[in-house]
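Turn this into a structure:
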Amino acid sequence: MNERDLNRTYPGGLPGYSGGPYHLYSELFDRMPTWQEVEDILRPLDRVNTVMLLSRVNVHIRHILQEPTRENLAWLQGFVMRNFLDEDTFRRLQERFSTERLEDRLLFHPLQILNALRVALRVCGDAPNRRPDQNENDRYQLGTACLMTSDLLSTEKETEQIMQGKDDERTKNLMVQMLSPFEVINPARPSHLLFRCYVQLRMLLKDDVVREDISRTCRGFHFEGRFQEVAGISLDKWMALLWAAYSYFLGRSREDLVSQPELFIINRTFFIRISQVTQEEMDLFLGTVSCSFEELTNAVLADSLSDPRFDLVPFRAKPMFEVSKGNFACIDPAFLLEKMAAGVFWLICDKLPRDKRNDLFNAWGRLFEYYVDWLFRGMSERPTAFFSFPAWENGEESFDGVFLKESLLVPMEYKGGFLLREAKYAGTSDALLPELERKVVAGCMQLAWKIGVLFNKNRSKRRQLRDIPTQHVRRVLPLLIVQDHALGGLLVNCWLNRRFKELVKLQPIAADVEVLPLNLVNIEDLETLVESYEGSQLDFLYVLHDKAVRDPHMISELQSFLAGVEGYRFPQSDRATKIHDQFKKAMISYLFPGAQPGSNATS
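Residues are numbered from 1 along each chain as shown. Model prediction:
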């Protein structure tokens, strides 16, 4: 670890693959492979070195996908292709897809690599003479297994479920099938995770009003104290080490990663040798994000109710593993960094008895509400009037937030909870839909009921908002703001909007008030919308209203819609720049007391 790496500025562009479908083995060989074939190909290979090589490839891909352009993505795909495809496969690819660009249709991608890695942990053994990192033929075999894996990420039955039947059923099936892959292929952007982590866990948790409210409403729950209990290290120092580890893996050039494979390894002692981090602190940190190779293998072999293609919880829970005494490799840096947000929650949750978790759930939700409120209240200018945690006239809590712009009312509910992992990764509607009803549709119900009592067609039954005039309102634009990144997936908004409309129909709303479709807004998209307004005066309320009018069924994902909006995402706002600078300064101060960001401390 060195301070120069920690001071790198990471691109703010959209990470993840956003091109067309990836290449398939069946397209080249005119037949469908099987999981048994993949296992038979991988079984003779050395387990440790196969897992190490796949992890290196995945870090390469994540490293390139964080960049705002595709130039290096094309280079990397070509590099891996030349080293992992045998002559016959390479020839077929050239003959059949000579006009297609590698950056538009990937040969190798994270979901594929992680699945091949999962199979390798299950079936490979100790075979020091069968190392794909040293043996060309073994490397070609590994490439073939990866290519086959891409075909097996979707089954014939799943294809039928989205191609046949009624539209509503097909929409539901596609949403369920794509929820988990979307989360893997499109991880949260690093700049957003760091921004959110700093504001939530350092600024808001140190705000007396926020701390006292969470303590009062959540039976004395204290985030920092509870984290210290379960991790053995302070939350601040843990965050600094997590950021340092991520920076170590991702703050390299592509040339360094190719020519110096040792850069994929963190040594528990060498990594901290010029910092002020103690060995005990480093080991406690590693205990929360890493495991032994044997433990990793056993976690993959353990029985699970989830779909094995998408049940990547063993890798998410411990994205680093000890490859040799004191030396740690990273399976997926995106999984490592996401611990800045969801990882804090799950680390505490997994250590609590089930009957003690409600306080955590409530505290986490309350912290998220404060965070969204902070985003809106902290804007130097706003597109219109904003009301923070408005109340009904009798003082009871109403919506979480409201914007009022002429005759348009924008009521909002904020949902910070995460879907249960066994529901999210089961790959079935029977598991996922009840969880969506419990965690997300509940917010739709709150919005529908509150809109209903606010605009009841019987004026004598209406409830009034304190200090917010609504008599002139003729349009209502409901927003449901969520924290779980997977909810930004394909057709989730479409399905939830359908449920919302069903709930609105049950409300006796006045005929002169139009309730527009529900916008499901992931917190990352909201952050970018707010930042875009601060940086370029992009009126995000107009944009969301425009989407509701143009796409009444909410078929397109908000992120895709916003990508075509001029002024979205650029330039970075002064507030965002300030927070990122504060984050770097705070992290470096923990690791290198007395040093200044930008200095030339080296490892």
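
Which positions in stretch 352-367 come out as buried?
For stretch 352-367, a neighbour-count test (16 or more other Cβ atoms under 10 Å) marks 359-367 as buried. C-beta here means a position set from N, CA and C on the backbone, and glycine is covered the same way.

what's the domain layout of the chain?
Per automatic domain parsing, the domain ranges recorded for the chain read 20-153, 186-356, 379-570.

Turn those domains into JSON lines, including distance to Gln164 and mean pLDDT.
Output for those, formatted as JSON lines (distance: least, Cβ to Cβ, whole Å; pLDDT from 0 to 100):
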{"stretch": "domain 20-153", "distance to Gln164": "19", "mean pLDDT": "93"}
{"stretch": "domain 186-356", "distance to Gln164": "21", "mean pLDDT": "92"}
{"stretch": "domain 379-570", "distance to Gln164": "15", "mean pLDDT": "94"}
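
what about those domains, which gets the closest to Lys172?
Judged by Cβ to Cβ, the one of the domains of the chain that comes nearest to Lys172 is domain 379-570, at 6.0 Å.

sorry, back to before: so which of the domains of the chain comes closest to Gln582?
domain 186-356 (6.7 Å).

In the stretch 351-500 of the chain, mark out all the helices, start to finish.
Secondary structure of the stretch 351-500 of the chain by DSSP state H, counting those that start in this stretch: the helices cover 357-377, 421-424, 429-436, 442-454, 492-505.

mind checking pLDDT for Gln8?
Slight slip there: residue 8 is Arg, not Gln. pLDDT, Arg8: 34.

same question, the one 3 residues further on
What the model reports for Pro11 is a pLDDT of 29.

hmm, back to that, how about the domains of the chain in CSV, adding distance to His580?
Formatted as CSV, these follow (distance: least, Cβ to Cβ, whole Å):
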stretch, distance to His580
domain 20-153, 15
domain 186-356, 6
domain 379-570, 11
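
Which one, of those domains, ends up nearest to Asp167?
domain 379-570 (9.8 Å).

Give me the number of neighbouring residues for Gly564.
By other Cβ atoms under 10 Å, 8 other residues sit near Gly564.

By neighbour count, which bits of the helix or strand in which Leu286 is found are buried? Give me those.
Element membership for Leu286 (DSSP states H and E) is helix 279-289. Within helix 279-289, the residues scored as buried using 16+ other Cβ under 10 Å are 281-282, 284-286, 288-289.

between those, which is nearest Thr89?
Using Cβ to Cβ, the shortest approach to Thr89 within those belongs to Val289, at 36.1 Å.

which ones are touching that closest one?
242, 245, 318-320, 336, 339, 343 (Cβ atoms under 8 Å, 6 or more residues apart in numbering).

Out of those residues, which end up buried?
With neighbours counted by 16+ other Cβ under 10 Å, those contain buried members at 242, 245, 318-320, 336, 339, 343.

before we move on, the earlier item: same list (the helices of the stretch 351-500 of the chain) but as CSV, adding distance to Met148.
Converted to CSV, the helices of the stretch 351-500 of the chain look like this (distance: least, Cβ to Cβ, whole Å):
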stretch, distance to Met148
helix 357-377, 40
helix 421-424, 26
helix 429-436, 27
helix 442-454, 41
helix 492-505, 30
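
Show me the one of those that comes nearest Phe79.
helix 421-424 (33.4 Å).

contacts for that closest one?
Contacts to helix 421-424, defined as Cβ under 8 Å, 6+ apart, come from residues 179-180, 183, 305-306, 313, 431-432, 434-435, 486.

buried stuff in it?
For helix 421-424, the neighbour count (16+ other Cβ under 10 Å) marks 421, 423-424 as buried.

Over to stretch 203-222?
So for stretch 203-222, counting by 16+ other Cβ under 10 Å, buried means 203-205, 210-211, 213-214, 218, 221-222.

Figure out the length between the terminal residues of it.
End-to-end distance for stretch 203-222, by Cα to Cα, to the nearest Å: 15 Å.

what does stretch 262-280 give?
Start-to-end span of stretch 262-280 (Cα to Cα) is 24 Å.

so which of the buried residues of stretch 352-367 comes closest to Asp350?
Leu360 (10.5 Å).

what about that closest one, distance to Leu367?
Leu360 sits 10 Å away from Leu367, going by Cβ to Cβ, to the nearest Å.

can you list residues touching both of the two?
Counting by Cβ under 8 Å, 6+ apart, no residue touches both Leu360 and Leu367.

what's next to the longest strand seen in the chain, contact-wise?
Ranked by residue count and defined by DSSP state E, the top strand of the chain is strand 408-415. Here strand 408-415 makes contact (Cβ under 8 Å, 6+ apart) with 365, 368-369, 372-373, 399-404, 439-440, 442-443, 446-447, 450-451, 454, 470, 473-483, 541, 544-545.

could the buried ones among the contacts of Val289 go into a markdown table alongside distance to Pro552 and secondary structure?
Formatted as a markdown table, these follow (distance: Cβ to Cβ, whole Å; DSSP: H, G, I helix; E, B strand; the rest coil):
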| residue | distance to Pro552 | secondary structure |
| --- | --- | --- |
| Leu242 | 42 | helix |
| Ala245 | 45 | helix |
| Lys318 | 44 | coil |
| Pro319 | 40 | coil |
| Met320 | 46 | strand |
| Leu336 | 40 | helix |
| Lys339 | 38 | helix |
| Gly343 | 37 | helix |
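
Could you export these to CSV, including columns for distance to Arg354?
Below are the buried ones among the contacts of Val289 laid out as CSV (distance: Cβ to Cβ, whole Å):
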residue, distance to Arg354
Leu242, 27
Ala245, 31
Lys318, 22
Pro319, 25
Met320, 27
Leu336, 27
Lys339, 22
Gly343, 20
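
Just give the number of residues close to Asp350.
10.

and it, what helix or strand is that in?
Element membership of Asp350, judged by DSSP H and E, is helix 342-351.

Send over that helix as CSV, restricted to the C-alpha atoms.
Output of helix 342-351 as CSV, limited to C-alpha atoms (Å, rounded to 0.1, in the frame of the first residue of the first chain):
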residue,chain,number,x,y,z
ALA,A,342,-24.0,-3.2,1.9
GLY,A,343,-21.0,-5.0,3.5
VAL,A,344,-21.2,-3.0,6.7
PHE,A,345,-24.9,-3.9,7.0
TRP,A,346,-24.3,-7.6,6.4
LEU,A,347,-21.2,-7.9,8.6
ILE,A,348,-23.3,-6.7,11.5
CYS,A,349,-26.4,-8.6,10.5
ASP,A,350,-24.6,-12.0,10.2
LYS,A,351,-23.3,-11.6,13.7
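
Pull the distance from that helix to the chain's centre.
Relative to the chain's own centre, helix 342-351 is displaced by 15 Å; criterion: Cα atoms, centre = their mean, to the nearest Å.

helices or strands next to that helix in the packing?
helix 223-231, helix 357-377 (3 or more Cβ pairs under 8 Å, 6 or more residues apart in numbering; DSSP states H and E).

Between helix 342-351 and the longest one, find me the angle.
With axes from the mean of the first three to the mean of the last three Cα atoms, to 10 degrees defining the directions, helix 357-377 sits at 160 degrees from helix 342-351.

buried set for stretch 375-384?
For stretch 375-384, the neighbour count (16+ other Cβ under 10 Å) marks 375-376, 379, 382-383 as buried.

now stretch 220-236
Neighbour counts using 16+ other Cβ under 10 Å place 221-223, 226-227, 231, 233, 235-236 of stretch 220-236 among the buried residues.

From one end of that stretch to the other, what's the distance?
One end of stretch 220-236 sits 21 Å from the other (Cα to Cα).

Average pLDDT for stretch 361-373, rounded please.
Stretch 361-373 comes out with an average pLDDT of 97.

Kindly report the same for stretch 576-588.
90.

Just checking the distance from that stretch to the centre of its chain.
Centre-to-centre, stretch 576-588 and its host chain are 21 Å apart (Cα atoms, centre = their mean).

Over to stretch 203-223?
When distances are taken as Cα atoms, centre = their mean, stretch 203-223 is centred 25 Å away from the chain's centroid.

If anything else comes up later, I'll come back, but that's it for now.
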